[in-house]
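Undergrad: whatever this is, show me its structure:
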Amino acid sequence: MKRLCPERIRGPSCGVPFPPDFLFGTANADHQVEAHDPAREDVWDLWERCQGLTPRGRGTDFWNRYEEDIAAAAGMGCKLFRFSIAWARVEPAEGDFDLAALAHYRRVADCICSHGMEAMVTLHHFVWPVWLERDHGGMIGDGFPDFFARYAAKVAEALGDRTDYWITFNEPSQLTFGYIKPWWHHRYYMPPGLPRGTSVDAEAEAVGKFIPNLFRAHARARQRIQQRDPAAKVGVNPLVTGFPTWLQMLMDWGACHRGLSEAVFKFTAGDALVRERGKVDLVIGGVSGGDQTRFEFSDPYLRTGKAVLVPAAHAGGDLASLAGKTIGVVAIGNQPEGWKRDLPASSRKKLFFNYDEARSSLAAGKVAAVYGDAFFLLPFELKGRERFRFLVTGLSDEHYVAVAPHGHAPLMEHVNRAIAGFERELAGYGREPWISHPEAVVKEVARPLSLHEVFAGEDSLPENISGTRGVRRILRRGRLRVGIRCDAPGASAECAGEGLEVRLARLIAREVLGDADALELVPLSPAGRLEVLESKTSWLNWAWRFWGTTSLIANANWWYLGTSGRLPEELCPAEAVGAQDFVGLDYYWGLPTRRLHQFRLLEEAALGRFLRAPVWPQGLFHALQRFHRWFPGQELLVVENGCVPHADGMTRGEYLKAHVAQVERAVDKGLPVKAYNYWSITSNREWGHAFDPNTDFGLCFVDLDKDPELKRVETAEVGVYRNLIREKMVDGRW
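TA: This next block holds a predicted model:
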């Protein structure tokens with residue numbers, strides 16, 4: 001871990017007490033903590049299933065254990081607790097409201113009040129009922145604003161007298177990614193998605209319906225809530241990324257003066273700015289999807305995992321037999337540090353840069369075992385294969401993909417068609433425990449692109465690929481240039497036969513050129529197998545991608561540009577201008593000017609890889625300042641701020657102190673900051689991602705996968721937060 005300067009950890013020490021009515025709090029969300037109910041599924045339940053994502057399962061069982069979590073928050077000194085309503089539970093069928101579910105949520109609010117805390121209720125935390133999407137077009141349907149307002153009115157009727165703050169839509173800017181895809185990503189980040197083959201113009205049109213619909217729904221829900229309780233405070237919490245002031249002003253100018261629709265259209269233009277020309281057209285070389293942030297990548301063609309190879313005569317039966325011995329580690333490629341997790345701590349490690357060298361060392365007795373990808377450790381084509389055996393397999397779950405340079409999405413369409421017909425090539429491998437059954441691989445490849453395909457029962461790949469655009473250079477050349485690892489079957493001298501990945505390359509050549517032999521194989525060093533895809537024009541796509549990432553993925557200002565009257569009326573209808581009672585925001589990550597070249601770290605966060613997310617606490621202060629200028633008479637609430645165990649070289653405790661320091665700085669400057677909410681009270685399911693330290697924001701740890709009792713275990717940050725609250729509310733000192 002890199003050494004942090006004191007200013008980055010602690011921020012300024014203002015020595016100013018927080019206002020006596022300041023609210024420290026914490027939060028959770030229904031889909032992430034409540035157990036799955038098959039009779040009351042929401043759209044994310046369908047999305048997780050059809051996309052092969054991690055399902056929420058039991059969550060943290062908050063439905064039954066809310067008292068425990070609320071008491072834990074109160075024990076830290078919190079005065080605010082945020083939770084969300086599951087619309088699909090409250091209205092499981094159109095117009096059919098479940099009074100028992102509403103009564104349950106009232107009991108949750110009662111429990112919060114009984115512990116001396118104020119309740120903040122979120123009505124729409126990324127999820128909505130299946131019937132709304134299936135029968136009425138979801139959030140872009142004409143009836144959505146009124147459906148949502150009716151639902152809000154029912155909830156307000158049930159627990160309005162127990163609710164202090166209302167959030168209509170959680171992070172509205174993120175919801176746009178159910179309708180548009182970045183040009184470097186060929187699947188939607190979240191539901192509902194649009195039908196396969198939807199044009200860029202149609203995506204822009206969908207967003208053009210979605211944004212005003214969301215503004216109308218918010219305004220009408222606020223009106224219905226305040227009919228029940230005129231003093232109710234209603235707002236939203238856009239996800240805000242920290243950027244230097246000059247860049248933020250440029251992005252806001254672009255949204256207001258060039259038109260948000262144009263920005264969306266350009267951002268989602270179905271291609272890169274230039275088609276990069278690497279030394280090969282494609283790399284097929286044991287690359288997992290997790291390796292890609294710079295290239296086009298295919299659907300998975302193979303599923304395997306980490307394993308340990310030993311001589312056939314090895315006497316041991318498990319990893320304990322390797323304690324104190326030297327183990328060869330092939331640490332190039334997927335999960336390069338996985339050995340630290342999987343191998344005995346007492347063993348000695350020797351690094352190798354390809355599988356041929358590692359196996360030769362094992363055969364010579366120079367190492368006791370070799371750790372790496374099972375598929376490459378012991379391929380069927382290996383000469384003298386009987387000399388080795390696996391000691392253990394299944395230490396990880398990895399999906400191999402083919403990779404192409406930016407700007408070659410049409411080529412990837414051909415690749416995916418070839419992969420869809422790959423089942424017969426896998427038949428010989430399907431009997432092995434260390435590689436997935438062919439049916440499982442093919443099933444994953446054919447995942448629907450949208451919920452539309454789920455409802456319509458259509459989940460096949462497109463029958464027609466749009467012409468030859470993007471593959472013309474290959475057609476002119478008359479052959480496909482494919483890079484494969486030099487230690488893979490088909491390139492390695494230790495293997496007899498062409499190997500599975502070469503067979504896939506032949507299928508792709510036949511798909512593109514009509515001839516499986518129109519193929520040129522280029523052996524590549526495992527360590528440099530992706531470098532051959534880059535070219536001198538890569539920087540142009542880098543710049544184009546930077547603008548796309550910063551102006552839309554990371555810039556949530558469009559919501560407040562709308563409510564402050566800065567957006568065109570066709571995007572923000574007049575009824576939504578000024579329709580808020582406080583300014584809420586979520587803040588997690590940011591980049592100062594000197595780190596803008598690292599903008600892809602923001603993409604890492606967008607993909608759920610939070611350990612690499614960029615931390616910039618000062619960005620929170622800048623956001624509070626900006627929104628205070630826009631809405632000088634309204635309270636500012638930090639609705640979400642939190643961190644995984646460590647990110648960007650900073651521990652969670654350091655992160656917490658640094659961001660509270662920025663709130664203190666804002667208070668010292670006279671900004672009307674009312675609340676700071678830490679996300680989240682416990683571990684939770686992070687929107688389809690596997691549960692691990694990479695996605696765990698909880699103050700109280702819950703082992704969601706392995707603990708049947710779902711015990712809450714306080715982390716060290718519980719004490720940090722408790723002490724911060726005590727100090728800030730007593731005398732303002734660190």
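Undergrad: would you confirm that Val403 contacts Gly286?
TA: No. Assessed by CB atoms under 8 Å, Val403 is found out of contact with Gly286, at 10.7 Å. (Each C-beta comes from the backbone N, C-alpha and C, glycine too.)
Undergrad: which residues in the stretch 601-734 of the chain form helices?
TA: Assigned helices in the stretch 601-734 of the chain, in chain order: 618-630, 652-668, 716-730 (criterion: DSSP state H, counting those that start in this stretch).
Undergrad: which residues touch Ala27?
TA: Phe81, Arg82, Phe83, Met120, Val639, Glu640, Asn677, Tyr678, Trp679, Ser680, Ile681 (CB atoms under 8 Å, 6 or more residues apart in numbering).
Undergrad: I meant Arg228, not that one.
TA: Ala153, Ala156, Glu157, Gly160.
Undergrad: which one (most neighbours) among these?
TA: Ala156 (23 neighbours; other CB atoms under 10 Å).
Undergrad: now do the strands in the stretch 151-300 of the chain.
TA: 165-170, 233-237, 239-242, 282-288, 296-297 (DSSP state E, counting those that start in this stretch).
Undergrad: distance from the shortest one to the middle of the chain?
TA: The offset between the C-alpha centroid of strand 296-297 and the centroid of the whole chain comes to 17 Å, using CA atoms, centre = their mean, to the nearest Å.
Undergrad: ok, and for the very next helix or strand once past it, which residues are buried?
TA: Sequence order places strand 302-304 as the next helix or strand after strand 296-297, per DSSP states H and E. Judged by neighbour count using 16 or more other CB atoms under 10 Å, the buried positions of strand 302-304 are Leu302, Arg303, Thr304.
Undergrad: now stretch 489-499
TA: Pro489, Gly490, Ala491, Ser492, Glu494, Cys495, Glu498, Gly499.
Undergrad: isn't the third one up against Ile484?
TA: Yes. Ala491 sits in contact with Ile484 when judged by CB under 8 Å, with a separation of 5.4 Å.
Undergrad: overlap in contacts of the two?
TA: With CB under 8 Å, 6+ apart as the test, Ala491 and Ile484 both reach Leu521, Pro523.
Undergrad: returning to that earlier point: I'd like to know which of the strands of the stretch 151-300 of the chain has the weakest mean confidence.
TA: Of all the strands of the stretch 151-300 of the chain, mean pLDDT reaches its minimum on strand 296-297 (a mean of 78).
Undergrad: so what strands line up beside that one?
TA: If you go by DSSP bridges, strand 296-297 pairs up with strand 398-404 (antiparallel).
Undergrad: average pLDDT across the partner strand?
TA: On average, strand 398-404 scores 84.
Undergrad: phi, psi for Phe388 please.
TA: For Phe388, the backbone dihedrals (degrees, to the nearest 10) come out as phi -130, psi 160.
Undergrad: pLDDT score for it?
TA: Phe388 is given a pLDDT of 96.
Undergrad: and for the nearest residue to it once chain neighbours are set aside, the neighbour number?
TA: Of all residues not flanking Phe388 in the chain, Leu309 sits nearest, at 5.4 Å (CB to CB, 6 or more residues apart in numbering). Residues near Leu309, counting by other CB under 10 Å, number 27.
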